[in-house]
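Participant: What follows is a predicted structure for the sequence shown.
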2 protein chains.
Amino acid sequence: MATTSTQSTAEILREKILEGAFPPGTILRQDALAQGLGVSRTPLRTALAELARDGLVTYEANRGYTVRGFNVDDIRAAFEVRANLEGLACRLAAPRITEAQLDRLQRCVSEGDAILSKGILDPEDLAPYRRLNVEFHETIIEASANPWISDFVNRTHNVPLASDRVFHWEDHAIIFRSHNDHHRILRALRTGDAMRAEALMWEHVTYAGDVLVEHVAPKITDRQAPVTLQSMDTETP
Amino acid sequence: MATTSTQSTAEILREKILEGAFPPGTILRQDALAQGLGVSRTPLRTALAELARDGLVTYEANRGYTVRGFNVDDIRAAFEVRANLEGLACRLAAPRITEAQLDRLQRCVSEGDAILSKGILDPEDLAPYRRLNVEFHETIIEASANPWISDFVNRTHNVPLASDRVFHWEDHAIIFRSHNDHHRILRALRTGDAMRAEALMWEHVTYAGDVLVEHVAPKITDRQAPVTLQSMDTETP
DNA sequence: CGCCTCCGCTTTGGATACAATCTTGTTCTA
DNA sequence: TAGAACAAGATTGTATCCAAAGCGGAGGCG
């Protein structure tokens, strides 16, 4: 593999933090962490600097890195921005989207239809549907031909519990409605109706944020107390 | 000072790249660079990792960091996003902006009036006016109470020749019109007219992007050829 | 009794040394 | 002569070592 030790530790740490393995406020002891990850402190430190730039950890000179805590308002704010950015992506994409990209969107929508047609949402169908969902959104952003949108929306996923990694929609009705949004967005893009595509996408993302905040709120409020911990359950493979 | 060597080299490098000291495509030889900056390779490397995360340099494993080139489309795209984000900031700020923040905006506008009332733009007034301009925009973003907007707009400044550091408006008419936008935006915010504030800000930023692209376009097109260079004119203070 | 200082320990930051990878120029072969 | 293989040098990536800055507790002083 052409990947360096720094990159892999950054990725592992990012995953761990995003899935909530470290309580917010945890101060990351470099020696222990490095040992746990099986690397030296040097690559760990540059990885941490990167995560700090992404806002996942905070840094204080000579005092190290601590896991950042997010509250509900941060998540709400993230979706506020995301709704606007993805709406903008739709507006920009509408006049310039290619046939190939439309085909890809169509495929996402059709395969989603197939999954949802069962009437219930099989737990094992969740991962595939999630993938389709991600591809749908990413394709539109790609079609907008604005690399900044892509970058910023991705950063917006750098929030524990709020990324696409976790899917909080057990409710079939909600997911069905959301999928229906995709149908309409695709049609608007196909007909070049930029404004309609933007409005649909804005509501689509805004509502997803509402649902997520509702689901996630009770889990967060009590995790704000700063905790000091440096242990890790690393199963080195 | 409580700043570490890594932070200062990151800042210095960021400045140098933003002001165009390194032609795009320049391969940043770590040993030479570190020596030029008077630090070892360790802090330099973490600084570079940070800049890579900001998109100022690109990284390839085992092949080092190279200065990224931006073309006119990248700049245009940045302003597209910025116009929307700052517009959003206005929309969010309108209903919740505080009296203190309105006062700050008023002060920016009034002091700007004083500077521009001369009828011509003194070169030595340019820096102060630039500062007022930055404060005006930052205050509104702060008033939006959405930290993501602040972060993303700042990232949007990470483009050589396109940040607020350089002011390309020699034209008094343009700067005067832009300042007049500030007047109107402030009034809209004061009266809680979110939509109007958003529309004004959108046009304000979009036009600034147009002007900048026009000024900067000829300087960029010919700098795209990848150059290999590692020398630095460092005057260590 | 409370606060302040000092000293040792812990932890982080930076420099150097070493390993791994890439680059380049040369030589050998088809 | 073109191209591939190889080897030496250069360059990056990682580990280790040392310095400097925080932290905490013991002891002294008001």
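Facilitator: Sure, I can see it.
Participant: show me where chain A has strands.
Facilitator: A:27-28, A:57-60, A:64-67 (DSSP state E).
Participant: can those strands go into JSON lines with extra columns for distance to A:Asp181, mean pLDDT and mean neighbour count?
Facilitator: All C-beta spots, glycine's among them, are computed from the backbone N, C-alpha and C. Below are the strands of chain A laid out as JSON lines (distance: least, Cβ to Cβ, whole Å; pLDDT from 0 to 100; neighbours: other Cβ atoms under 10 Å in any protein chain shown):
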{"stretch": "strand A:27-28", "distance to A:Asp181": "40", "mean pLDDT": "96", "mean neighbour count": "20"}
{"stretch": "strand A:57-60", "distance to A:Asp181": "35", "mean pLDDT": "97", "mean neighbour count": "16"}
{"stretch": "strand A:64-67", "distance to A:Asp181": "34", "mean pLDDT": "97", "mean neighbour count": "21"}
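Participant: where are the low-confidence patches of chain A?
Facilitator: Where chain A drops to pLDDT under 70, the residues are A:1, A:164-170, A:220-237.
Participant: CA-only coordinates of stretch A:28-43 in PDB, if you can.
Facilitator: Extracted in PDB, the C-alpha atoms of stretch A:28-43 (Å, rounded to 0.1, in the frame of the first residue of the first chain):
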ATOM      1  CA  LEU A  28      -5.200  12.500  24.400                       C
ATOM      2  CA  ARG A  29      -1.900  11.500  26.100                       C
ATOM      3  CA  GLN A  30       0.500  11.100  23.200                       C
ATOM      4  CA  ASP A  31       2.600   8.400  24.600                       C
ATOM      5  CA  ALA A  32      -0.200   6.100  25.600                       C
ATOM      6  CA  LEU A  33      -2.100   6.800  22.300                       C
ATOM      7  CA  ALA A  34       1.000   6.100  20.200                       C
ATOM      8  CA  GLN A  35       1.700   2.900  22.100                       C
ATOM      9  CA  GLY A  36      -2.000   1.900  21.700                       C
ATOM     10  CA  LEU A  37      -1.800   2.500  17.900                       C
ATOM     11  CA  GLY A  38       1.600   0.800  17.500                       C
ATOM     12  CA  VAL A  39       3.300   3.900  16.100                       C
ATOM     13  CA  SER A  40       5.800   6.400  17.500                       C
ATOM     14  CA  ARG A  41       4.800   9.800  18.700                       C
ATOM     15  CA  THR A  42       6.000  11.600  15.500                       C
ATOM     16  CA  PRO A  43       3.300  10.400  13.100                       C
END
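Participant: Now do the buried residues in it.
Facilitator: Buried residues in stretch A:28-43, counting neighbours by 16 or more other Cβ atoms under 10 Å in any protein chain shown, are found at A:Leu28, A:Arg29, A:Gln30, A:Leu33, A:Ala34, A:Gly36, A:Leu37, A:Val39, A:Pro43.
Participant: Identify the residues contacting the residue of chain A most remote from its centre.
Facilitator: With distances taken as Cα atoms, centre = their mean, the residue sitting farthest from the centre of chain A turns out to be A:Asn62, at 31.1 Å. Neighbouring residues of A:Asn62 by Cβ atoms under 8 Å, 6 or more residues apart in numbering or on different chains: B:Ala2, B:Thr4.
Participant: Quick check on it: phi, psi?
Facilitator: phi 70, psi 10 (degrees, to the nearest 10).
Participant: Next, find the distance separating it from A:Ala32.
Facilitator: Separation of A:Asn62 from A:Ala32 (Cβ to Cβ, to the nearest Å): 18 Å.
Participant: What of A:Thr42?
Facilitator: 15 Å.
Participant: can you check A:Gly69 too?
Facilitator: Counting by Cβ to Cβ, the gap from A:Gly69 to A:Ala32 is 21 Å.
Participant: Ok, A:Asn146 next?
Facilitator: A:Asn146 is 42 Å from A:Ala32, by Cβ to Cβ.
Participant: same deal with A:Tyr65?
Facilitator: 12 Å.
Participant: and what of A:Ala77?
Facilitator: Applying Cβ to Cβ to A:Ala77 and A:Ala32 gives a distance of 33 Å.
Participant: ok, now A:Leu212?
Facilitator: Per Cβ to Cβ, A:Leu212 is found 33 Å from A:Ala32.
Participant: same check, this time on A:Glu124
Facilitator: A:Glu124 is 37 Å from A:Ala32, by Cβ to Cβ.
Participant: Number of residues surrounding the residue found closest to A:Lys16 once you drop the neighbours it is linked to in the chain?
Facilitator: Among residues not flanking A:Lys16 along the chain, A:Phe22 sits closest, at 6.6 Å (Cβ to Cβ, 6 or more residues apart in numbering or on different chains). By the criterion of other Cβ atoms under 10 Å in any protein chain shown, A:Phe22 has 24 neighbours.
Participant: wait, isn't A:Phe22 in contact with A:Thr66?
Facilitator: No. Shown here, A:Phe22 and A:Thr66 do not form a contact pair, counting by Cβ atoms under 8 Å, at 9.3 Å.
Participant: Now do the shared contacts for these two.
Facilitator: Contacts common to A:Phe22 and A:Thr66, judged by Cβ under 8 Å, 6+ apart, are A:Leu28.
Participant: Contacts only, for A:Gly112.
Facilitator: A:Tyr129, A:Leu132, A:Asn133, A:His179, A:His182 are the contacts of A:Gly112 under Cβ under 8 Å, 6+ apart.
Participant: Quickly check these for the two that are furthest apart.
Facilitator: Spatially, the most separated pair among the contacts of A:Gly112 is A:Tyr129 and A:His182, at 11.0 Å (Cβ to Cβ).
Participant: Settle this for me: A:Glu198 is touching A:Pro95, isn't it.
Facilitator: No. Using Cβ under 8 Å, A:Glu198 is not in contact with A:Pro95, being 11.9 Å away.
Participant: more crowded one of these two?
Facilitator: Between A:Glu198 and A:Pro95, A:Glu198 has the larger neighbour count (other Cβ under 10 Å), namely 22 against 9.
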